[in-house]
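Engineer: Quick one: sequence and predicted model below, then my questions.
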Amino acid sequence: MVRPNLRQTIIIGIVIFILAFGGIALLSLSNINQLQQEVVLVEQADDLLNLILEIRREEKNFFLYQDTSLFSVGKENLGKATAILGFLSEEFTGTQGEQHDIGLVRGIRDYAGLLEAIRSAPDEIGENSPEARALRETGQRLVEHSRAIAEYEREYILLINQELRMTMVIFMAVVAVVVLALVVFVSRSILGPLREVQEATRQIARGTFAPFAVKNAEDEIQQVCVALNSMVDELQKRQAQLVQAQKLSSIGTLASGIAHQLNNPLNNISTSVQILAEETAGRNDFADKMMDNITQETRRARDIVKGLLEFSRHKDFSPRPCNLKDILESAVRLAASQLGPRISVRIMVSDTAILFLDRRRFQEALLNLIINAGQAIGDDKGTIEIKTTPDGDHNILTISDTGAGIPPDVQERIFDPFFSTKDVGQGTGLGLYIVYGIIEEHRGSIRVESLPGMGTAFHIRLPLGQEGAA
């Protein structure tokens, strides 16, 4: 059985509450309308009773004072009573009400007949005559029936009022149950899991990366837990990458110190070789050749040390006219140890290509791109080609390799921070992100062009003027 998620549960709860509230509201509205109608019926029943009592008063005046207004007023009131009774008869539902209705109809008919008989011979009918007694008895029954009807309507009002109170009690009970269920649901399904998420985030802040136990992946709160589990995995990877970045930073500091320490021995070797070469010049060709080799290798080592010092030195961004080919050759020398003899680097850049660059930072960007190109080629033989192409007031520097290429889905993310396709510990995912930032500092742009199995080319578009790099 599929358990409903949080959204579905809330919707079901809202629907149940609306149905319950709507049903009780309709029932209450029906009771109120019925109560209002019954109030009108009670007023009509009271009017009927008053008309009957008025007829009885005229009847008493007739027998006491021989007041003949009984025949006109009585007849008129009997008509009104008949009309009211016709209205009330449509609303009678119980047996008791129908009995009194029938009794009133008969009584009014009989009373009207007796009035007509007395009116035809008023002098012959005395107070104690059979007709007078029959009239009084019929009038008494009219009063009793009309009072019973008024009482019946009042009792029906009390019944409706009681039903309305019961409806309100049921409504309050339903509301209480719904609120209790809502409190339990919110506490169990929302607040409880949120407290767990809160505690887990505290643990993450302390450095404890423990995954959440996901009970129902369809539940929105549990989906938050799934997202947090993904975040925990990424945080673990980022932590490992940051540790690796810190190691690289420490290695850069160490390299700077070693470079300073190597400067003095290299200078001593260079000076000693020069003195020895001057003393033995022309005596032995083989010795002269060895001296030249030592001198060249010493200079090469000194250039590498100089490059390391420039690379590790922290300075503010300060572009100035730089020879692009010199920077490229320096970056290639620094990367030579990682490229090895299997990879050849071809620099097809003019000796006079001058750009406004921050030498150290731009060399850092080039070094990242060259090392990445070498890693893309791998253990196979390959070529890294570096060339420039003019483009109006810009120069496009292209660094291409004959490596395996980059899949299209990876190309979209290669400049994202901490994104890396290498295993944890083998890369920080910061190289191309740093390259992107350095190129942007120079007011340039970089894009990648690659097909799987067809190599990769990075195109760097740089302004030629000083204002572009400022």
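Structural biologist: Yes, it's here. Numbering: from 1, shown residues only.

Engineer: Now Leu180: which helix or strand?
Structural biologist: Under the assignment given by DSSP states H and E, the secondary-structure element containing Leu180 is helix 130-185.

Engineer: So which other helices or strands are in contact with that helix?
Structural biologist: Contact analysis of helix 130-185 by 3 or more C-beta pairs under 8 Å, 6 or more residues apart in numbering; DSSP states H and E lists helix 6-65, helix 95-120 as its packing neighbours. The way it works is simple: take the backbone N, C-alpha and C, and place the C-beta from them, glycine included.

Engineer: Adding distance to Leu180 and mean pLDDT, write those out as JSON lines.
Structural biologist: Conversion of the helices and strands packed on helix 130-185 to JSON lines gives the following (distance: least, C-beta to C-beta, whole Å; pLDDT from 0 to 100):
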{"stretch": "helix 6-65", "distance to Leu180": "12", "mean pLDDT": "77"}
{"stretch": "helix 95-120", "distance to Leu180": "43", "mean pLDDT": "76"}
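
Engineer: what about those, which gets the closest to Ser350?
Structural biologist: Each of the helices and strands packed on helix 130-185 has some distance to Ser350 by C-beta to C-beta; the shortest is helix 6-65, at 65.0 Å.

Engineer: helix or strand right after the closest one?
Structural biologist: Using DSSP H and E, the helix or strand that directly follows helix 6-65 along the chain is helix 69-89.

Engineer: quick one: buried residues of that next one?
Structural biologist: When burial is assessed from 16 or more other C-beta atoms under 10 Å, helix 69-89 yields the following buried residues: 70-71, 73-74, 77-78, 81-82, 84-85, 88.

Engineer: one step back: which is the succeeding secondary structure element to the helix holding Leu180?
Structural biologist: For helix 130-185, the succeeding helix or strand toward the C-terminus, using DSSP H and E, is helix 192-205.

Engineer: by contact count, what packs against that next one?
Structural biologist: The criterion is 3+ C-beta pairs under 8 Å, 6+ apart, and the helices and strands that helix 192-205 contacts are helix 220-280.

Engineer: hmm, back to that, ok, so of the buried residues of helix 69-89, who is nearest Ser400?
Structural biologist: Proximity of those to Ser400 (C-beta to C-beta) peaks at Leu88, which lies at 104.1 Å.

Engineer: So that closest one versus Asp101, what's the distance?
Structural biologist: Here the criterion is C-beta to C-beta, to the nearest Å. By it, Leu88 lies 7 Å from Asp101.

Engineer: and for the two, which residues touch both?
Structural biologist: When contacts are counted by C-beta atoms under 8 Å, 6 or more residues apart in numbering, the set common to Leu88 and Asp101 consists of Ile149.

Engineer: wait, doesn't Ile16 sit right on Val174?
Structural biologist: No. The pair Ile16 / Val174 is not scored as a contact, 9.6 Å apart, by C-beta atoms under 8 Å.

Engineer: which ones are touching Lys75?
Structural biologist: Lys75 sits next to 112, 115 when contact means C-beta under 8 Å, 6+ apart.

Engineer: per-residue pLDDT, Gly455?
Structural biologist: In the predicted model, Gly455 carries a pLDDT score of 91.

Engineer: how many neighbours does it have?
Structural biologist: Close neighbours of Gly455, defined as other C-beta atoms under 10 Å, add up to 22.

Engineer: now do Ile446
Structural biologist: By the measure other C-beta under 10 Å, the count of residues near Ile446 is 20.

Engineer: Which parts of the helix or strand hosting it count as buried, going by neighbours?
Structural biologist: When secondary structure is defined by DSSP H and E, Ile446 falls within strand 445-450. In terms of neighbour count (16+ other C-beta under 10 Å), strand 445-450 has its buried residues at 446, 450.

Engineer: Quick one: mean pLDDT for the strand or helix carrying Phe362?
Structural biologist: With secondary structure defined by DSSP H and E, Phe362 is part of helix 359-377. In this model, helix 359-377 has a mean pLDDT of 90.

Engineer: so Asn395, which of the three states?
Structural biologist: Three-state assignment for Asn395 (DSSP: H, G, I helix; E, B strand; the rest coil): strand.

Engineer: Outside of stretch 65-72 itself, list whatever touches it.
Structural biologist: For stretch 65-72, the surrounding residues in contact (C-beta under 8 Å, 6+ apart) are 55, 58-59, 61-62, 115, 118-119, 122.

Engineer: Could you list the residues in contact with stretch 266-284?
Structural biologist: Applying C-beta under 8 Å, 6+ apart, the contact partners of stretch 266-284 are 287-288, 291-292, 294-295, 298-299, 301-302, 305.

Engineer: Keep only those of those residues that are in helices.
Structural biologist: 287-288, 291-292, 294-295, 298-299, 301-302, 305 (DSSP state H).

Engineer: Which among those residues count as buried?
Structural biologist: The neighbour-count test (16+ other C-beta under 10 Å) marks 291, 294, 298, 301-302, 305 as buried among the ones in helices among the contacts of stretch 266-284.

Engineer: Parallel or antiparallel, list what pairs with the strand holding Ile446.
Structural biologist: strand 456-463 (antiparallel) (DSSP bridges).

Engineer: and the strand it pairs with with helix 359-377, angle?
Structural biologist: Taking axes from the mean of the first three to the mean of the last three C-alpha atoms, to 10 degrees, one finds strand 456-463 and helix 359-377 inclined to each other by 160 degrees.

Engineer: dump the residue contacts of Leu104.
Structural biologist: Taking C-beta under 8 Å, 6+ apart, we find Leu104 in contact with 48, 81, 85, 142, 145-146, 149.

Engineer: mind running it again at 7 Å?
Structural biologist: By C-beta atoms under 7 Å, 6 or more residues apart in numbering, Leu104 lies in contact with 85, 142, 145-146.

Engineer: returning to that earlier point: could I get the helices and strands packed on helix 130-185 as a markdown table with distance to His394?
Structural biologist: Converted to a markdown table, the helices and strands packed on helix 130-185 look like this (distance: least, C-beta to C-beta, whole Å):
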| stretch | distance to His394 |
| --- | --- |
| helix 6-65 | 53 |
| helix 95-120 | 102 |
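
Engineer: Quick check: which of those helices is nearest to Glu196?
Structural biologist: Relative to Glu196, the nearest member of the helices and strands packed on helix 130-185 by C-beta to C-beta is helix 6-65, separated by 14.5 Å.

Engineer: what separates that closest one from the chain centre, distance-wise?
Structural biologist: Taking the mean C-alpha point of helix 6-65 and that of its whole chain, the gap between them comes to 50 Å (C-alpha atoms, centre = their mean, to the nearest Å).

Engineer: Now do that helix against helix 130-185: the angle between them, please.
Structural biologist: Going by the same axes, to 10 degrees, helix 6-65 makes 160 degrees with helix 130-185.

Engineer: now the angle from helix 6-65 to helix 69-89?
Structural biologist: With the same axes, to 10 degrees as the basis, helix 6-65 and helix 69-89 are set at 160 degrees to each other.
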